[in-house]
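>>> this is a predicted model, with the sequence first.
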Amino acid sequence: MEWGGPNGGDGGRGGDVWFVAASRLTTLMDLHFRPHVTAGRGGHGKGSHKHGHQGADVEVSVPVGTLIYRDGLLVADLHKDGQRWRAGEGGRGGRGNWSFKTRLNNAPRIAEKGGPGQEVTLDMELKLLADVGLVGFPNAGKSSFVSRVSNARPKVADYPFTTLSPNLGVAYHKHVSFVLADLPGLIEGAADGKGLGVKFLKHTERTRLLIHLIDPAGYMGEDPEAGIKTIEKELKNFSPKLATKPKILVLNKMDLPESAEILKKLKKKHRGLLAISVATGEGVAVILDKIIAELAKHKGPLHFAEKTVDDSIHKVEQGFTVENQGGGGFILRGKFVERASAMLDVSLPEAINRYQHTLKRIGVDRALKKAGVKTGDRVRCGEFEFEWSNNPLKRLTPKRGDGRTRIGVGKK
């Protein structure tokens, strides 16, 4: 309608990207094949005050126990099934001309583009959620123990490093259930990257209790007593918190002839040492009793929420910065100015005029002059680049007779 006034609706907001913890997943492999995630675009505004539709949100499922880092800082710990965290926020919808109507300008010919959505790069890490972690040298019987007390069936063989990845098993004893994590065997220097254990030591950080299984034959010529000290040292080197975590020392393979003598020697220094034979089942019920008693003292599960960045605390930064790159080039940076530049529709003279006055009002022109800008120099803000002029701004005046704003399109 030629004389009906402005009626352009606003554009729809862009969708958000959410990460959702799902117990059905056990790896982050899906993100390996889908590293870039984009939510839906908002719809365009239309005439008759019709606003555009909101863009569709995107949900990315990740395993329970996923840690999310941004710029090296922990921002989310998804430790509960169904827990959600918003990773990226959709951009604001651009305003239609109806939103710019004022008493002095009742027929504005100005509109905005949609604002850019939040773009972030995140690092993901999975730390398994388990109540009990099994540690020890390779071939100490960790996988056999998990197989004995749960329905899990990890690979078991009579050679070291049979376990190449963590295995989880759910044990049920005296009406109490708990999750055990069978981790690959540790060797001396594991905390520094030797062997396979260093890749999975991080999973022990979430456990409430550690079971240190000991082979009476030792490992690689090292006697059991020295082996205990080696494992303790590796746990401490990896994380001081692991050294203070509750532990149960367990001598396995009591069905071997030499085990009884070794048990006597170890008990002189380790009074709480327990003895079992996973092969025959001897002592397994006793250790299960001990496990549920210890778990009752240390309620869990453990998570890392206390380390995350507090989203309610925002760092107050300067509104914008100006950088002189030399050769007549300047860079204007800042959240507000970059968003204003991205939403500017350069085909509308009124929009350009409003943009110029906005930059002047917040002090961008003073900052550029202080940095040495001259007429003809180029100023880049985000993806938008303009040429600087020292000429005074000309206010677009209303045209007499119809109250319309002069936009330089010639006579009526």
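Alright, I've got the coordinates. Here the structure is a predicted model, which means the values were calculated and not measured.
>>> return the set of buried residues in stretch 255-275.
Judged by neighbour count using 16 or more other CB atoms under 10 Å, the buried positions of stretch 255-275 are 259, 262-263, 266, 273-275. Using the backbone N, CA and C atoms, a C-beta is placed for each residue, glycine as well.
>>> which ones among those residues are found in helices?
Of the buried residues of stretch 255-275, the ones assigned to helices by DSSP state H are 259, 262-263, 266.
>>> and which of the residues you listed is nearest E350?
L266 (85.0 Å; CB to CB).
>>> contact partners for the residue nearest to the closest one when sequence neighbours are not counted?
Leaving aside its sequence neighbours, L266 sits nearest to L273 (CB to CB, 6 or more residues apart in numbering; 5.5 Å). Applying CB atoms under 8 Å, 6 or more residues apart in numbering, one finds that L273 lies in contact with 249-251, 263, 266-267.
>>> can you show me the helices along the stretch 51-200 of the chain?
142-149 (DSSP state H, counting those that start in this stretch).
>>> okay, strands next: where are they in it?
58-63, 66-70, 73-78, 84-88, 123-126, 132-135, 167-173, 176-182 (DSSP state E, counting those that start in this stretch).
>>> so which of those strands comes closest to E232?
strand 132-135 (9.7 Å).
>>> the contacts of L273: which two are farthest apart?
Across these (CB to CB), the longest gap, 12.4 Å, separates V250 and K267.
>>> find the centremost residue of this protein, please.
I68 (1.9 Å; CA atoms, centre = their mean).
>>> now do the same contact list for that residue.
Per CB under 8 Å, 6+ apart, neighbours of I68: 19, 74-78, 85, 87, 122-124.
>>> what's the answer for S150, then?
S150 touches 169-172, 180, counting by CB under 8 Å, 6+ apart.
>>> bridged to the residue nearest to the centre of the chain, which residues?
When bridges are called by DSSP bridges, I68 pairs up with A76, M124.
>>> which pLDDT value goes with it?
Listed pLDDT for I68 reads 91.
>>> try the one 4 residues further on
In the predicted model, G72 carries a pLDDT score of 85.
>>> the residue lying closest to S177 once chain neighbours are set aside: what's it in contact with?
Nearest residue to S177, sequence neighbours excluded (CB to CB, 6+ apart): V170, at 5.9 Å. With contacts defined as CB under 8 Å, 6+ apart, V170 is in contact with 150-152, 177-180.
>>> looking at these, which is nearest V62?
V179 (18.4 Å).
>>> care to break this protein down by domain?
17-125, 132-300, 315-412 (automatic domain parsing).
>>> centre of the chain to the longest one, how far?
Average the C-alpha atoms of domain 132-300, do the same for its chain, and the two points are 31 Å apart (CA atoms, centre = their mean, to the nearest Å).
>>> quick one: average pLDDT of it?
78.
>>> if you count neighbours, what's buried in the helix or strand where I352 lies?
Here I352 sits within helix 349-361, counting by DSSP states H and E. Residues 349-356, 359 are the ones in helix 349-361 that count as buried (16+ other CB under 10 Å).
>>> what packs against it?
helix 335-342 (3 or more CB pairs under 8 Å, 6 or more residues apart in numbering; DSSP states H and E).
>>> just the strands in the stretch 301-412 of the chain please.
Counting by DSSP E, counting those that start in this stretch, the strands of the stretch 301-412 of the chain are 321-326, 329-333, 378-381, 384-387.
>>> out of the buried residues of stretch 255-275, who's nearest G40?
L274 (57.0 Å).
>>> could you give the number of residues near the nearest residue to the closest one once chain neighbours are set aside?
Distance criterion CB to CB, 6+ apart; nearest residue to L274, sequence neighbours excluded, is V250 at 4.9 Å. When counting by other CB atoms under 10 Å, one arrives at 25 neighbours for V250.
>>> need the contact list for V250.
211-214, 273-276, 287.
>>> can you confirm it is in a helix?
No - counting by DSSP: H, G, I helix; E, B strand; the rest coil, V250 is not part of a helix but strand.
>>> so what's it bridging to?
L213, L274.
>>> contact partners of stretch 36-44?
Counting contacts by CB under 8 Å, 6+ apart, the residues touching stretch 36-44 from outside are 11-17, 52-58, 60, 87-88, 90-91, 93, 114, 117.
>>> span of it from start to end?
Criterion CA to CA, to the nearest Å; first-to-last residue distance in stretch 36-44 is 24 Å.
>>> pull out the buried positions in it.
39-44.
>>> quick one: which of those residues is nearest to E205?
Ranked by distance to E205 (CB to CB), the buried residues of stretch 36-44 are led by A39 at 32.4 Å.
>>> quick check: which element contains the closest one?
Going by DSSP H and E, A39 is not in any helix or strand.
>>> can you check the pLDDT for I407?
33.
>>> do you know how far the residue nearest to S177 is from L134?
14 Å (CB to CB, to the nearest Å).
>>> identify the contacts common to those two.
Common neighbours of V170 and L134 (CB under 8 Å, 6+ apart) are L180.
>>> from the chain's centroid, how far away is the helix holding I352?
The answer for helix 349-361 is 38 Å, by CA atoms, centre = their mean.
>>> state the mean pLDDT of that helix.
Mean predicted confidence for helix 349-361 is 84.
>>> tell me the angle of that helix relative to strand 329-333?
Here the directions of helix 349-361 and strand 329-333 differ by 80 degrees (axes from the mean of the first three to the mean of the last three CA atoms, to 10 degrees).
>>> quick one: stretch 55-63 to chain centroid distance?
The chain centre lies 13 Å from the centre of stretch 55-63; the measure is CA atoms, centre = their mean.
>>> quick check: buried residues in that stretch?
55, 58, 62-63.
>>> do the same with stretch 76-93
Under 16+ other CB under 10 Å, the buried positions of stretch 76-93 are 76-79, 83, 85, 87-88, 90-93.
>>> what's the first-to-last distance across it?
27 Å.
>>> for it, the averaged confidence score.
Rounded mean pLDDT across stretch 76-93 is 88.
>>> G115 reaches G94, doesn't it?
Yes - judged on CB atoms under 8 Å, G115 makes contact with G94 at a distance of 7.0 Å.
>>> the more surrounded of these two?
A count of neighbours by other CB under 10 Å puts G94 above the other of G115 and G94, at 23 against 20.
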